[in-house]
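K.L.:
Need coordinates for the below:
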Amino acid sequence: MIAGKKVPRWSYAVLLMWLSACASPREHLYILDNRSADAISMSESRATVILGPVSVPQEVDRPQIVVREGPSQIFLNEQQRWAAPLKDSLPRLLATELDRSQSNYRFAPTSSSAVATPKARLAIDVTRFDVSSVAGATVSAHWVYRSLAQESPPIEGNAIGQAPVSSGGYDELVDALRLASLQVAALIAAQLPATK
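P.N.:
Numbers count the residues shown, from 1 in each chain. As a prediction, this is how the structure comes out:
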């Protein structure tokens, strides 16, 4: 009651709606990789390959998920963010898939604590990490493999992964980026030397 007068019930509903409108929008966090490359068993007989450096394009190296809108425009939604920086999560994702796809080597990102005596280094320059609700996801990379155990010329190549999207929701956009990245890792693994 205000000054002896009864407050209409509808005014409480209006107040609640106003308070809801003033509240900050909720952030949504997305994980590119939910598997840890640090779980690699050090008792395995496979030679260790250090994965790194792994570079990502500057325009996507930010907390917000970058969505491409046309050939020269990108969109950032402040509420749709990566849970971890791409420069940390992408190497973990690639290392895990490389480790799964290549039987001769085990892969550990440079940040991993599971690094013993490495036999080689694999550097990956991700030149494109795009996703859009129309064209889907495209991840392309140039890679260079250098043996640390013997004098031999480096091996290098290019890999491109693509994944479609249908609804264009952020869950699906992230899944498409993950699938395209896994394709890149699998393509690189297939081109690495077959022997240690």
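K.L.:
And the helices in the protein?
P.N.:
In the chain, the helices defined using DSSP state H lie at 9-22, 86-101, 170-191.
K.L.:
Tell me which of the ones you listed sits nearest to Val131.
P.N.:
Across the helices of the chain, the minimum distance to Val131, taken as Cβ to Cβ, is reached by helix 170-191, at 4.9 Å. To be clear about C-beta, it is placed using only N, CA and C from the backbone, and glycine gets the same treatment.
K.L.:
any residues touching the closest one, and which ones?
P.N.:
Residues from elsewhere that reach helix 170-191, judged by Cβ atoms under 8 Å, 6 or more residues apart in numbering: 28, 30-33, 65, 67, 77, 80, 90, 93-94, 97-98, 101-102, 122, 124, 126, 129, 131, 133, 136-141, 143, 155, 157, 159-166.
K.L.:
Write a ChimeraX command that selects only the buried members of those residues.
P.N.:
In ChimeraX syntax, the buried subset of these is picked out as below (16 or more other Cβ atoms under 10 Å):
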select :30,32,33,65,67,80,90,93,94,97,98,101,102,122,124,126,129,131,133,136,137,138,139,140,141,143,159,161,162,163,165
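K.L.:
Mind checking which of the contacts of helix 170-191 land in strands?
P.N.:
Residues of the contacts of helix 170-191 located in strands (DSSP state E): 28, 30, 65, 67, 77, 80, 122, 124, 126, 129, 131, 136-141, 143, 155, 157, 159-163.
K.L.:
so which of the helices of the chain is the most packed in?
P.N.:
Among those, helix 86-101 has the highest mean neighbour count (mean count of other Cβ atoms under 10 Å), at a mean of 22.
K.L.:
Give me the mean pLDDT for that helix.
P.N.:
For helix 86-101, mean pLDDT rounds to 92.
K.L.:
Then stretch 184-196?
P.N.:
On average, stretch 184-196 scores 86.
K.L.:
mind exporting it as PDB, just the C-alpha atoms?
P.N.:
Below are the C-alpha coordinates for stretch 184-196, written out as PDB (Å, rounded to 0.1, in the frame of the first residue of the first chain):
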ATOM      1  CA  VAL A 184      42.400 -30.700 -41.000                       C
ATOM      2  CA  ALA A 185      44.200 -32.800 -38.400                       C
ATOM      3  CA  ALA A 186      43.300 -36.100 -40.000                       C
ATOM      4  CA  LEU A 187      44.500 -34.800 -43.400                       C
ATOM      5  CA  ILE A 188      47.800 -33.700 -41.900                       C
ATOM      6  CA  ALA A 189      48.200 -37.100 -40.100                       C
ATOM      7  CA  ALA A 190      47.800 -38.900 -43.400                       C
ATOM      8  CA  GLN A 191      50.600 -36.900 -45.000                       C
ATOM      9  CA  LEU A 192      53.200 -37.400 -42.200                       C
ATOM     10  CA  PRO A 193      56.100 -39.900 -42.700                       C
ATOM     11  CA  ALA A 194      54.900 -43.500 -42.100                       C
ATOM     12  CA  THR A 195      58.100 -44.400 -40.300                       C
ATOM     13  CA  LYS A 196      59.700 -42.900 -37.200                       C
END
